[in-house]
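Student: below are the sequence and a predicted model for it; my questions follow.
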Amino acid sequence: MKRANTDITVGTLFIVLLLAIGAWFLLFSPSLDARAEAIDQTAAANDQNDLLQTQLDGLLADYARLDEINAGLDAVHVDLPVREDLESVRSTINDTANAYGITIVDLTAGAPYNVDPSTLVLADAAAAVGKESTVDGLTFTSLVATPMQLTVEGSYTKVLGALTDLQLGDHRFVYVATSEIKETEVGSGVYDGTFSLDVFTYVTADVDPTLPESLVDSTETPSSANPFTGTAGTE
């Protein structure tokens, strides 16, 4: 009799255990999953709110400094030269020549001229290297180009280094339209480099940027053609 009671008790406990497990999977587990998901969503929303608050605080701080920022922009505008400064251009080229240990044989500057944005057509050139032009169709004023002819002398490596520095240096925007480097005499190891440059700068808006003729080295009329489509150099 006792064994029968024990079997009934064990069976009852087993059934209760099965019911408890079933209740867990049917009732409690989904509720816990939903609660965990709600907690994750709340945390994500709080993180987003914190990010937006940080951005808002930054905007409010910038707004509080609006007068200071405007004053800084005005100062930058005031610092723009009224016209191209040929002495500054020559200084840039002289510094490059000195840095590479080459000799400037001749340096001639033409008359500065305003760059016409409608001449900037770089779509084909950009496409050739798998990129898109970001300048075609832009409108701007006060960009001035100064054409220059430069002849230097030195070893091939130094002349080429100076040419590369002029083209890629961060001192100012220099575009090398044409270049030629050739040995002065066969076997001499001395090379002449002849470069056609366009040196660009921004000037104060609504001011004639051109120089008086007396300050220009050559009397040639500068070309109004696209300054970015020069002839490829030879070496």
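Tutor: Nice, thanks for sending it over.

Student: just checking, Val159 is part of a helix?
Tutor: Yes: applying DSSP: H, G, I helix; E, B strand; the rest coil, one finds Val159 inside a helix.

Student: and it, how many neighbours?
Tutor: 26 (other Cβ atoms under 10 Å). All C-beta spots, glycine's among them, are computed from the backbone N, C-alpha and C.

Student: what does Ala125 give?
Tutor: Look at Ala125: counted by other Cβ under 10 Å, it has 12 neighbours.

Student: same deal with Phe200?
Tutor: When neighbours are defined as other Cβ under 10 Å, Phe200 has 16 of them.

Student: what pLDDT does it get?
Tutor: Confidence at Phe200, expressed as pLDDT, is 78.

Student: now it. Nearest residue, chain neighbours left out?
Tutor: Using Cβ to Cβ, 6 or more residues apart in numbering and skipping the chain neighbours, the partner closest in space to Phe200 is Phe173 (4.1 Å).

Student: same deal with Glu183?
Tutor: Leaving aside its sequence neighbours, Glu183 is closest to Tyr191 (5.4 Å, by Cβ to Cβ, 6+ apart).

Student: quick one, grab the pLDDT at the one you found.
Tutor: Reported pLDDT for Tyr191: 82.

Student: spit out the contact partners of it.
Tutor: By Cβ atoms under 8 Å, 6 or more residues apart in numbering, the contact list for Tyr191 reads Glu153, Gly154, Ser155, Tyr156, Val159, Ile181, Lys182, Glu183, Thr184.

Student: return the closest of these with respect to Tyr202.
Tutor: Nearest to Tyr202 among those is Val159, at 29.7 Å by Cβ to Cβ.

Student: grab the nearest non-local neighbour of the closest one.
Tutor: Using Cβ to Cβ, 6+ apart, the nearest residue to Val159 is Gly193, at 4.0 Å.

Student: where's the one you found, which helix or strand?
Tutor: strand 191-202 (DSSP states H and E).

Student: got the CA positions of that strand in PDB?
Tutor: What follows is strand 191-202 as a C-alpha-only set of coordinates in PDB (Å, rounded to 0.1, in the frame of the first residue of the first chain):
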ATOM      1  CA  TYR A 191      69.700  69.300 -66.900                       C
ATOM      2  CA  ASP A 192      67.700  72.300 -67.900                       C
ATOM      3  CA  GLY A 193      64.000  72.300 -66.800                       C
ATOM      4  CA  THR A 194      61.600  74.600 -68.600                       C
ATOM      5  CA  PHE A 195      58.200  74.900 -67.100                       C
ATOM      6  CA  SER A 196      55.100  76.800 -68.000                       C
ATOM      7  CA  LEU A 197      53.200  77.600 -64.800                       C
ATOM      8  CA  ASP A 198      49.900  79.000 -63.700                       C
ATOM      9  CA  VAL A 199      49.900  80.300 -60.100                       C
ATOM     10  CA  PHE A 200      46.500  80.700 -58.600                       C
ATOM     11  CA  THR A 201      45.300  82.900 -55.700                       C
ATOM     12  CA  TYR A 202      42.000  84.300 -54.300                       C
END
